[in-house]
Structures are given as structure tokens and as C-alpha cells.
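got a sequence here, can you build the structure:
(2 chains)
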Amino acid sequence: MALHLPIFMDYHSTTPVDPRVVDAMLPYFSTHFGNAASRNHLFGWTAEKAVDDAREQVARLIGAAGKELVFTSGATESNNLALKGAAHFYKDRGNHIITSQIEHKSVLDSCKRLELEGFDVTYLPVGPDGILRPETVKQAMTDRTILVSVMFANNEIGTVQPLKDIGAVVKERGALFHTDAVQGIGKISFDVNDVQADLVSLTAHKLYGPKGIGALYVRRKPRVRLEAQMDGGGHERGLRSGTLNVPGIVGFGKACEIAQNEMVAESARIARQRDRLEMSLMAALPHVFRNGSLEHRLPGNSNLSFAYVEGEGLLMALKDVAVSSGSACTSASLEPSYVLRALGIGEELAHTSIRFGLGRFTTDEEVDFVIRLTVEKVRRLREMSPLWEMVQEGIDLKSIEWTAAH
Amino acid sequence: MAYSNKVIDHYENPRNVGSFDKNDPEVGTGLVGAPACGDVMKLQLKIDDEGVIKDAKFKTFGCGSAIASSSLVTEWVKGMSIDDAEKIQNAAIADELNLPPVKIHCSVLAEDAIKAAIADYRRKKVPNTSAEKASQP
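Next up, the predicted model:
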């Protein structure tokens, strides 16, 4: 098979829409274009039926009932609705919220907003493997704790959290349990009852569905209540007003159905490709480190630090491959990844990290190409690196008095 | 982030990568930046008795803009007197490479590297003179 450049190896950022999903969506743009809230004609009924079917498909993937899902514009909205909606509704019970230091920005920034409103938020540290210990959660809980939010799998290092054990700790104290599950859903199995989740954020575009559509699972038994963040026509049981994105919802449902049918075989194949990528790179290059838990991680994730080669510099050399870096320079801020720093990884190594994300359409030929290119470019950049030169000369980099403080 | 063509050119075809013997009395070495900040530049200048820069080499750990900034200054300083090289401002480097605001620090580092290399060269020359002075009664 001919290799098409550039190669997409950034499946944590987004995924292409599966052609089967596109086919399912197409009729709902121009043919069945009705408003699902139109209760008095066929156009509305057709749209409503499509939404109901998709709702069941999404619910089935997470072991929920269709009625427990609220469609949103994506996980950022779902996280905002879950955190702010629950905090505002249950503020008379307490004002304490617990989360982890490695959550997605939409969780962390929602928490920051709630702090401004007077809530107390505890940002729990994770271990060097990126895992949040249930014991740590237990110790942080107080009688004032109303909500605990812990992600399913991390977007940078792919680390999968022990949600079942954390959920048990949270429910023991009677608080609500929210999980931002976007990275793990459709990759590894997840069941809302198994982990005792009350609120679960989902998005379609991380599992080969379209962008702009997501959902929030809201437990019905026992009933979890939220303060809506959007006022309007009272759609989605009053929790999220706004005309439903019918084609998006249909695509989301189809994507979940495909994931459910193919997840086990697909994840096994992707993990094999990922392992081959890592083993080949580490065999060819010294001083390559894997970040995050090796045991509990997403099959398509590989977060590697190539010591003495700056991440953005390496990204530029890998211009035929779409990957991302924990290096500061890829973002507007000059700080390296807060996730890697939360693992206790030194800034100098955090600056050298590259995240490879493999997925449904990754081919063996692409993996081969990426291995060859990465080895060649890391070697070239190390030859240009004063740090590499010093290490070869036996100089301890920690013994140097570096001049700049950022 | 879109890089300017000049940054890409210097990144893909860096000029004067390498090292001189740092113990050579004609060589001034500047090592600036820090691994924790994601940028380290080593700039070495070979300077003759007239104070003219005969040759320059660099090694850089950093992003494309940092590599391009150091590559560019190695081209600029060759043939310059150290007094003129010391006057190179980061703004000139940033202008030449069309660096965006978040990359200005790369040009600052390149300016610092020139100054550090010249300072190192002068330090190497000083011991002789100070030794002479010290020996005077």
C-alpha cells in the first residue's frame, strides 16, 4: 500500500470520521433535516426517531440507559455542565470538590471558576506512573465534599485511572462521582455501573465520530440533578437547551456502535503497533524514556522523552508525521506540560517529550516509516545538541550553572 | 505554528554546526540557556590577535527558531571584529528570521551567546596581563 504523507499519528487530539459514520449521517443533512423537537409532523418524528436510536447506541457502549444521556456540543461543554451544574445544584450540601492535577483544562478551568465563586477545590497529586491512588482520594474527602472528578484516561500519557476503586471510595462518602471519559471510551471497556459514576463526559470526535457533538451521562437511579448552564427551549430534559444536532447525534451513535463491535480486536492490533514502535525506537536510540504507567494505559498511546533533543525541534524534523509534544514551545506559554510535571518528570525531560497517538487507520507501513524517520532525526538533532555532546564527554549536566531562568 | 522560510532554511541546512577545542586560547565559548527552559546554545568563536572573528561554530538544544537564530549569528559574526559582534542586537536577529513574539527569547539567547563567547575569550586573555601586573613591584 502506498504511503500517504503526512502521516497522522495524533489520535488523542482527534480522529477522522469513519466512512461508515459519514454514510449514516448524510441523509440527516438534506433529506431528513427535521427538528427533533417538532412534535407535529413527519420531519420532526423522523429526526426524533434517529436521535432516540443514536441515544441508545451511545448508552449501550457505556452500560447506561438512553434516558440518562444529555447531548452537548462536546466534552468541554459536558465537563462544564457536570462540574458547574452539580456544584451549583448541591452547594447547600457542601462546597468542597476534589479533582486531580492531570485533568483536562476544561475540568481544571471549571474548577478554577468555581473557586472564584467560593468553592474549595483540592487538586490531588498523581504518582510517578500518572495514577491517582484511591487512598489519596479517600484521605482528601471531607463531610463537605460534594463532587469528585477524575478522568478515565489521560490525553497526554494515556494513563488509565483505577476508576472502580476510586468510585467505591467516593460513593462510600456519598459524594457525586464525575469522570471525563473521552480518551478511553471506545478504546477500552467502560461501564457506568461498574465504576459507580454519576456523571460521565463523552465526545464523538475521539472515537471516529464528528466534531461538535458530545454527551453527558447523568445517573437517574439515584437521580443526579444539575443546574442547567444554557437557558432556552428546555431540550434534553431541561439540562441543555438548543436544537439538537441531529446529523451529529446520528454519527455519534453510529461511531459508538462500531466501537462496541470492534473495540477488542482493534485495541489489540493498535497496542501491537504501539509496542513495536516503542521497542524499535528504544532499541535504536539510547536515553529514550516512556512517560506514564506502562501497564495501565491506552493501547494507542506512547509518550516518549528523547533526552537531549528538544521536543518542538524534533516535531519540526518530523514534519511528515503529525504528532504532538509536551514541550513548552508548542503552546503559547513557555511552560512544559503540566501533566508531565505532575508525574515528577524534570522540566529538562518534559521539554523532550513527544506523544505518538495510534488509531484505527494506522498501518504497519506508517509505523515503519515513523520509526525510521524518528531514529534518523533524533540522531541528527543529538549531533547538534550541546547537551548530548556534554553527556558524551562525561559531564554531569546538573553540575553546570545554567544562565537562564526561563 | 507556521515558521518563516528563513527559519526553515536554517533549521534544515544549519550553518557551522560543530565544536572547536574549548581550551584553544583563540577560542571563546559561550554556553547560554538551560535545559529546564528548553533552550541551550553553545556558540564558539575563533578570534585572531587583531580581535577579528575568523570562524564560528554552534550547537543548540532547542526549537527550530533557536537553532535558526544560532545558525544565523554564526554566519553574521564571521569576519567581524569582536567589538562589532558585541553590538549585534536580538531585534536584528528576530527581524531577519521573522520570529513571532513567543520566539523572541530565541533571538535574545543568540545575542547572549555572542556576548558570552566574547567574554570567555577576553577572560582567557586577561590572566596573562593580570599576572604581569601582579608581578610588578
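
find me the pLDDT at A:Tyr328, would you?
One correction, residue A:328 is Ala, not Tyr. A:Ala328 carries a pLDDT value of 55.

interface residues of chain B facing chain A?
B:1, B:3, B:11, B:14, B:17, B:19, B:31-42, B:59-64, B:66-67, B:102, B:105, B:109, B:112, B:116 (Cβ under 8 Å from any Cβ of the partner chain). Every residue, glycine included, has its C-beta placed from N, CA and C.

ok, now which ones touch residue 11?
If you meant another chain, say so; for now it's chain A. A:300, A:357-360, A:362 (Cβ atoms under 8 Å, 6 or more residues apart in numbering or on different chains).

sorry, should have said chain B
A:313, A:316, B:3, B:64, B:67-68, B:71.

buried ones in the host helix or strand of A:Arg20?
Applying DSSP states H and E as the criterion places A:Arg20 in helix A:19-25. Across helix A:19-25, burial judged by 16 or more other Cβ atoms under 10 Å in any protein chain shown covers A:21, A:24-25.

so which of those residues comes closest to chain B?
A:Val21 (30.8 Å; Cβ to the nearest Cβ).

quick one: contacts of stretch A:99-118?
A:75-76, A:79-80, A:83-84, A:87, A:95, A:97, A:119, A:121-126, A:130, A:132, A:148-151, A:154-157, A:159, A:161, A:180, A:182, A:338-339, A:342-343.

please indicate which of the residues you listed are buried?
Buried, going by 16+ other Cβ under 10 Å: A:75-76, A:79-80, A:83-84, A:87, A:95, A:97, A:119, A:121-124, A:126, A:130, A:132, A:148-151, A:154-157, A:159, A:161, A:180, A:182, A:338-339, A:342-343, out of those.

please narrow those residues to those residing in strands.
Assignment to strands by DSSP state E places the following of these there: A:97, A:121-124, A:148-149, A:180.

nearest to A:Thr14 among the residues you listed?
Ranked by distance to A:Thr14 (Cβ to Cβ), those are led by A:Asp180 at 15.9 Å.

got the residue ranges for the strands in the chain?
Just so you know, I chose chain A. Using DSSP E, strands in chain A cover A:7-8, A:69-72, A:96-100, A:120-124, A:145-149, A:176-180, A:199-203, A:214-218, A:288-290, A:301-306, A:321-322, A:324-325, A:353-357.

right idea, wrong chain: chain B
B:27-34, B:39-47, B:53-61.

and among the ones you listed, the most buried is which?
With neighbours defined as mean count of other Cβ atoms under 10 Å in any protein chain shown, those peak in mean count at strand B:39-47, which reaches a mean of 27.

that one: partners in the sheet, and parallel or antiparallel?
Strand B:39-47 sits in its sheet next to strand B:27-34 (antiparallel), strand B:53-61 (antiparallel), going by DSSP bridges.

quick check: mean pLDDT of stretch A:158-178?
98.

oops, could you answer that again for stretch A:221-241 instead?
For stretch A:221-241, the mean confidence score works out to 95.

can you get me the start-to-end distance on it?
23 Å (Cα to Cα, to the nearest Å).

pull the distance from it to the chain's centre.
The chain centre lies 24 Å from the centre of stretch A:221-241; the measure is Cα atoms, centre = their mean, to the nearest Å.
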